[in-house]
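Novice: pasting the sequence and the predicted coordinates here, then a few questions.
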Amino acid sequence: MNLRLICDNIIWINIIMKLSVDNQQRVTTGMLMILEFYKVMMATFLVIFVPQDCNDKVCTLTENFNNTDSIHRAALISNFATFLYILNFYRNEIMREEWCIKYLDIDPGKPNNYLDEEIEDYPLYKIQMKSMNKEYLNSLYIASGLLLYNFGISGVAIGQNYQGANTLTSIISFLLLLGEKLFSSYNVGKKSVKDERAFSAYMKISRTYNTIDEDFRMKEDLEEPPKENINDVTHNDGCEVASNVGNIVVEMIENNK
């Protein structure tokens, strides 16, 4: 069993190694989004997933969904609206990350602020990056406001069927589940707008895209110095050394006289 697991891991490592850097980043983003979708489901549909009391027993998901109480119905509508808008926020986040993966790159050999000057030669990229950073932050503000409103109205509806500490623990846990993500996104969006950079929303360690992707750099940025220039420098250095040696020899002969 252990050997099979090791073989499977080796296969996956080989597959990942064959992917380009951009595709590796896309795979990582996609896998993280699957986890994020679960968080959104649990943290927005509170009146469905939070345990509630139904005649001295815990309500089933179907009973929670079919509850016809007016406040419960209003909370359920709020759950759907919040869920859809937060999905829209994630859409903006994915589009922003995809743009960064395509047009920018993370180069550990360059300082974090390297892009600040480099992007001045790419005004269109600079405008697009600035626009996406602002749209990302604005959608985050709306998503956070809806989440708090949804928490409030859902709390009132759930409070009518309070099932004990289990209810309170669940609703707080679900809120923190998504709240942590939104707070992290706020830091990314705020720093990106303030510093005019593109911080990644999916890297575990705060990383900024610090250079233009090689596929989209201007041709002159990729060209190496002509070889004849290098040869000229080498030739000049050799002549200078030979001249100095000749001067030393002449000086030694004169001294011996």
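Specialist: Sure, I can see it.
Novice: worst-scoring helix or strand of the chain, pLDDT-wise?
Specialist: Every helix and strand of the chain was ranked by mean pLDDT, DSSP states H and E. The lowest is helix 227-256, at a mean of 43.
Novice: what about the longest helix in this structure?
Specialist: helix 123-159 (DSSP state H).
Novice: now the helix or strand containing residue 116: buried residues?
Specialist: Using DSSP states H and E, residue 116 maps to helix 114-118. Of the residues in helix 114-118, 115, 118 count as buried by neighbour count, 16 or more other Cβ atoms under 10 Å. Backbone N, C-alpha and C define where each C-beta goes, glycine included.
Novice: packing partners for that helix?
Specialist: Counting contacts by 3 or more Cβ pairs under 8 Å, 6 or more residues apart in numbering; DSSP states H and E, helix 114-118 is packed against strand 211-212.
Novice: what pairs with the strand it packs on, parallel or antiparallel?
Specialist: The strands beside strand 211-212 in its sheet (DSSP bridges) come out as strand 104-105 (antiparallel).
Novice: what stretches of the stretch 151-257 of the chain score poorly on pLDDT?
Specialist: 204-206, 219-257 (pLDDT under 70).
Novice: apart from its neighbours in sequence, what residue is nearest residue 149?
Specialist: Distances taken as Cβ to Cβ, 6 or more residues apart in numbering put residue 78 closest to residue 149, at 6.8 Å, once the chain neighbours are dropped.
Novice: and residue 172, how far from residue 161?
Specialist: According to Cβ to Cβ, to the nearest Å, residue 172 and residue 161 sit 17 Å apart.
Novice: okay, these two: which has more neighbours?
Specialist: A count of neighbours by other Cβ atoms under 10 Å puts residue 161 above the other of residue 172 and residue 161, at 20 against 14.
Novice: just want the phi and psi numbers for the closest residue to the more buried one other than its chain neighbours.
Specialist: Once flanking residues are discounted, residue 161 sits nearest to residue 52: 3.9 Å by Cβ to Cβ, 6+ apart. Dihedral pair for residue 52: phi -140, psi 160, per degrees, to the nearest 10.
Novice: residues touching residue 52, list them.
Specialist: Residue 52 makes contacts with 58, 59, 64, 158, 161, 162, 163, 167, as judged by Cβ atoms under 8 Å, 6 or more residues apart in numbering.
Novice: for the longest helix of the chain, name the packing helices and strands.
Specialist: Under the contact criterion of 3+ Cβ pairs under 8 Å, 6+ apart, helix 123-159 touches helix 21-44, helix 46-49, helix 70-103, helix 165-195.
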